[in-house]
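> The following comprises the amino acid sequence and a computationally predicted model.
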Amino acid sequence: MKKLLISLLIGGAAMASLLPVKSVLAAEEEGVIQLYTQRELLAMIAKNTHLQQVRKDDCQLVEDIKARAEIVKLPSYQFLYGDMLAYGVCVPRDANYGVYMMEQAAHQGLVEAIEQLGRYYHIGKFFQKDLKRALRYLTEAASLGNLKAQFRLVEILADEQGSPRDYENAYHWLYNSIIADDEKRLEAEQLLAKLARLMPERVVRRAQRPLLK
């Protein structure tokens, strides 16, 4: 009986030495925050929740974010890191370098960065107000399908700022955008009606043509 008990104890110890390995690794991995995939990060940027998520993750990913922005030069991470620097989220605030990183993302074609720079030039955030630069960025972002840029561009032009040469394209892009939210769709309708009053009827009809597929 004694031998059997010893045997069982030894066997149990041997099994215990094998079984916990997986659970220890799982325990170590629990609480390890995975870096965002490109798709996840772009979705957060589109919803403007990217800085909130970095805070929610207790600032644990700062070094990884910085590496992907500065070394790998991924535009989505350049935008994220730029925003973190500009607003002092999980890093010391450095607006100059933050805006530089946003510009790098914009130069690589990240439409959210292009729109944001246009918005900043329009409202005078980090820059002096510069309508000409704002329109350049916003027009590019609007042409790439960014709804925020389309709204702002039409709003600016409907207030008779900017060039009438841009009316048709700005109207065309917003008119053909898919807007799920009823309130935003009504806002778009009102802005388009305001802009249409500045345009010849034939140009309005032409601007209402479907987008080319």
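Okay, I see it. Residues are numbered from 1 along each chain as shown.
> quick one: the strands in the chain?
With strands called from DSSP state E, the chain shows none.
> all helices for it, in order.
Using DSSP state H, the helices of the chain run over 2-18, 20-29, 38-47, 50-56, 62-70, 75-87, 95-107, 111-123, 131-143, 147-158, 167-175, 182-196, 201-207.
> and the fourth one, what's its mean pLDDT?
Mean pLDDT, computed over helix 50-56, is 95.
> Now Arg55: closest residue in space, sequence neighbours ignored.
Nearest residue to Arg55, sequence neighbours excluded (C-beta to C-beta, 6 or more residues apart in numbering): Val89, at 6.4 Å. To be clear about C-beta, it is placed using only N, CA and C from the backbone, and glycine gets the same treatment.
> Let me know the distance separating that neighbour from Leu74.
According to C-beta to C-beta, to the nearest Å, Val89 and Leu74 sit 18 Å apart.
> follow-up on the earlier one: ranking the helices of the chain by mean pLDDT, which is last?
When the helices of the chain are compared on mean pLDDT, helix 20-29 scores lowest, with a mean of 34.
> how about the nearest residue to the most centrally placed residue in the chain, chain neighbours excluded?
Central residue check for the chain by C-alpha atoms, centre = their mean: the C-alpha nearest the mean position is that of Ile45, 2.1 Å away. Excluding its sequence neighbours, the residue lying closest to Ile45 (C-beta to C-beta, 6+ apart) is Glu112, at 5.0 Å.
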